[in-house]
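Asks: What shape does this take:
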Amino acid sequence: MELDYKVVYSKRKTLTITVERDRSVVVTAPEGTAPEKIQVIVASRKQWLYEKTHHAQKYHPLPHPPGKELVTGESMPYLGRQYRIELVEGGGEIQFEQKFLVPRRLADKSAAFRDWFMARAEEKILPRVALYARNLGVSFKDAKIGKGKYRWGSCTPNDNVIFNWRLIKAPMFVIDYVVVHELAHLIEQNHTPRFWNIVRAQATAMDKAKTWLQKHGALLEEEL
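Replies: I've put the predicted structure just below:
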């Protein structure tokens, strides 16, 4: 079995292998690591990589329409619950009052809803990053909300942490799990037993969150 993979060099001392949600394989290697050494390490993980890239539930995206139609009676997920959409008159912005009040002028502009979700993600997720960083005793360079589709979160070689805006649709215990997961990589880069112990100590609902993402991840991946 031949494996295609992308190599990213970093100043970290440990080599890590990540399988993205689109099945692509990314190897993050210390600067100066010989390509031949990387190839040997990848080959040694061949069985693990085969299992990860053929994981039907996690890596086979379900077909989705380009986005929901913004009409009265439709619903939208937010923080783990579905809330009704109601079109209203006026020229303001989207409002949330235990339902989404959407001005009719925005009914055909799904980007307006994405912008709303992005703003809420920055408002609600980034403070959780600061909180759990203090709890873990780690520091990061920057925390951002990103538009990527294939990862819920990432910890870059430069110690930046990035979280998918779509997470704002998930329950807070899921958001907390993803936040802790990425911050824990600042302590332990690989998914070792020590890594999972660190995550579980801070995100006590870790198993519940992982199950939720496996069952409902496709819902988060919808354009809206």
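
Asks: C-alpha only now, for contacts and for neighbours.
Replies: Noted.

Asks: Spatially, what comes nearest to the spatially most central residue of the chain if we skip its sequence neighbours?
Replies: With distances taken as Cα atoms, centre = their mean, residue 152 lies nearest the centre of the chain, 0.8 Å away. Excluding the flanking residues, the one nearest residue 152 by Cα to Cα, 6 or more residues apart in numbering is residue 164, at 5.0 Å.

Asks: State the pLDDT value of the one you found.
Replies: pLDDT for residue 164: 93.

Asks: Verify the stated contact: it with residue 153.
Replies: Yes - applying Cα atoms under 8 Å, one finds residue 164 in contact with residue 153, separated by 5.8 Å.

Asks: Got the domain ranges for the protein?
Replies: 5-59, 121-221 (automatic domain parsing).

Asks: Quick check: buried residues in the strand ranked longest in the chain?
Replies: As assigned by DSSP state E, the longest strand anywhere in the chain is strand 81-88. Under the neighbour-count criterion of 16 or more other Cα atoms under 10 Å, strand 81-88 has 83, 84, 85, 86, 87, 88 buried.

Asks: Each with direction, which strands does it pair with?
Replies: Each strand paired with strand 81-88, and its direction, by DSSP bridges: strand 75-78 (antiparallel), strand 100-103 (parallel).

Asks: Can I get the first one in PDB? Just the C-alpha atoms.
Replies: So the one you mean is strand 75-78. Backbone C-alpha positions of strand 75-78 (Å, rounded to 0.1, in the frame of the first residue of the first chain) are rendered in PDB as follows:
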ATOM      1  CA  SER A  75     -34.400  25.500  11.900                       C
ATOM      2  CA  MET A  76     -30.700  25.900  12.500                       C
ATOM      3  CA  PRO A  77     -28.400  24.300  15.100                       C
ATOM      4  CA  TYR A  78     -26.700  26.500  17.700                       C
END
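
Asks: Just the mean pLDDT for it, thanks.
Replies: Averaging pLDDT along strand 75-78 gives 88.

Asks: Residues contacting it, please?
Replies: Residues outside strand 75-78 that contact it (Cα atoms under 8 Å, 6 or more residues apart in numbering): 82, 83, 84, 85, 168, 169, 170, 171, 224.

Asks: same check, this time on stretch 129-136
Replies: With Cα under 8 Å, 6+ apart as the criterion, stretch 129-136 contacts 139, 140, 143, 179, 180, 183, 184, 202.

Asks: Show me what the one helix or strand residue 181 maps to is packed against.
Replies: Per DSSP states H and E: residue 181 is located in helix 172-184. When contacts are defined as 3 or more Cα pairs under 8 Å, 6 or more residues apart in numbering; DSSP states H and E, helix 172-184 sits against helix 126-136, strand 153-155, strand 160-164, helix 193-202, helix 206-221.

Asks: Identify whichever of those lies nearest to residue 53.
Replies: Nearest to residue 53, of all the helices and strands packed on helix 172-184, is helix 206-221, at 14.9 Å by Cα to Cα.

Asks: Would you mark the buried spots in that closest one?
Replies: 206, 209, 212, 213, 217, 218, 219, 220, 221.

Asks: just stretch 193-203 next, same as before
Replies: Quick answer for stretch 193-203 (16+ other Cα under 10 Å): 195, 196, 198, 199, 200, 202, 203.

Asks: what is the mean pLDDT for it?
Replies: Here the average pLDDT along stretch 193-203 is 95.

Asks: Stretch 217-224 now?
Replies: 76.

Asks: Quick check: the nearest residue to residue 167 once chain neighbours are set aside vs residue 196, distance?
Replies: Spatial nearest neighbour of residue 167, excluding adjacent residues (Cα to Cα, 6+ apart): residue 175 at 6.3 Å. Residue 175 sits 16 Å away from residue 196, going by Cα to Cα, to the nearest Å.
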